[in-house]
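A.B. asks: Pasting the sequence and the predicted coordinates here, then a few questions.
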Amino acid sequence: MYNASDTLAQMLHSVCGQSYRNWRLILVDDVSSPEHREKCRGIVERFTSLDPDLSGKIDVIWNEEKKWEVANVLHGISKCEGDDIVCRIDADDWLVDLDALAIINVAYDTLGCDVLWTAHRWSFSDKNISGPMPDDADPYVYPWVSSHLKTFRKSLLDGVSDVNFRGEDGGYIRRAGDQAVYLPALHNAKKKFFLPRVMYHYTIKDVPETYATDDARFQRDEALFMRRRGYVK
């Protein structure tokens, strides 16, 4: 999260209210402004004070230097174990289905998949860019259809070369983090599964101006570089 005090409570409600209870949340603040950081601390403290069980389920990391998306996600994944199922959520987004984690857990148990992603909605519209992908498809070539909610077994990234998470300048990918983390997982997955049920609210202004910013162009260029490079063993 970054300066996410206006949406953090909504995201936490969507996770803490899940019918499935065997979860743990690793929350990373990537050097928000002092005002936002203080508000976020207060929000987390209110949640844990109302339900003592949550104090052992929410682990908060307060970065002292900016690390950007991929480095933060990899740090969180390093705290997971074995075949834990990793589900990534932005702090300005939220789960829209309180049975989401229960359904995902059953799918992993019964379908034998090692990656699973769901349908989503762009803000409050019915737009969704996710869909199925064949098990034998090369995710670096196949169109990006594996967006929110992205989940995978942590073990898929065990032993993956760190180069896969870095950009052309040698630093960790900063903006195209969705693809930087998920493409290697998809590459190593034996069975992929798309769950066509809307489970994720993606907060975005879907207007032409959103895609014309310097940040948007930078993100596009990072994604194109990773796809041209492909998977690095």
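C.D. replies: Noted; the coordinates are in hand.

A.B. asks: Quick one: the strands in this protein, in order.
C.D. replies: Here the chain has its strands, by DSSP state E, at 25-29, 58-62, 85-87, 94-95, 115-122, 150-153, 192-202.

A.B. asks: Please state the mean pLDDT value computed over the fifth one.
C.D. replies: If you average the pLDDT over strand 115-122, you get 97.

A.B. asks: most packed of the strands of the chain?
C.D. replies: Counting by mean count of other CB atoms under 10 Å, strand 150-153 has the highest mean neighbour count of the strands of the chain, with a mean of 24. To be clear about C-beta, it is placed using only N, CA and C from the backbone, and glycine gets the same treatment.

A.B. asks: So K205 sits against S123, correct?
C.D. replies: Yes. Counting by CB atoms under 8 Å, K205 does reach S123; the two are 7.4 Å apart.

A.B. asks: picking that back up, in JSON lines, list the strands of the chain along with distance to G171.
C.D. replies: What follows is these, written out as JSON lines (distance: least, CB to CB, whole Å):
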{"stretch": "strand 25-29", "distance to G171": "18"}
{"stretch": "strand 58-62", "distance to G171": "20"}
{"stretch": "strand 85-87", "distance to G171": "23"}
{"stretch": "strand 94-95", "distance to G171": "30"}
{"stretch": "strand 115-122", "distance to G171": "26"}
{"stretch": "strand 150-153", "distance to G171": "22"}
{"stretch": "strand 192-202", "distance to G171": "26"}
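
A.B. asks: and of those strands, who's closest to A176?
C.D. replies: Closest of the strands of the chain to A176 is strand 150-153, at 13.2 Å (criterion: CB to CB).

A.B. asks: mind exporting that closest one as CSV, just the C-alpha atoms?
C.D. replies: This file holds the C-alpha atoms of strand 150-153, laid out as CSV (Å, rounded to 0.1, in the frame of the first residue of the first chain):
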residue,chain,number,x,y,z
LYS,A,150,-4.1,-13.6,-9.0
THR,A,151,-3.3,-16.6,-6.8
PHE,A,152,-0.6,-19.3,-6.9
ARG,A,153,1.2,-21.8,-4.7
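
A.B. asks: That one packs against which elements?
C.D. replies: strand 85-87, strand 115-122, helix 177-188 (3 or more CB pairs under 8 Å, 6 or more residues apart in numbering; DSSP states H and E).

A.B. asks: now the ones you listed as TSV including distance to R46?
C.D. replies: Below are these laid out as TSV (distance: least, CB to CB, whole Å):
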stretch	distance to R46
strand 85-87	23
strand 115-122	27
helix 177-188	29
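
A.B. asks: With K57 as the reference, name the closest of those.
C.D. replies: Of these, nearest to K57 by CB to CB is strand 85-87, at 13.7 Å.

A.B. asks: what is the mean pLDDT for that closest one?
C.D. replies: 97.

A.B. asks: Give me the residues contacting that strand.
C.D. replies: 76-77, 80, 101, 104-105, 108, 149-154 (CB atoms under 8 Å, 6 or more residues apart in numbering).

A.B. asks: Which pLDDT value belongs to P52?
C.D. replies: For P52, the predicted pLDDT is 82.

A.B. asks: For the residue most central in space within the chain, list the residues it contacts.
C.D. replies: Taking CA atoms, centre = their mean, the centroid of the chain lies closest to R88, which sits 2.6 Å from it. Each residue near R88 by CB under 8 Å, 6+ apart is listed here: 73, 149-151, 181.
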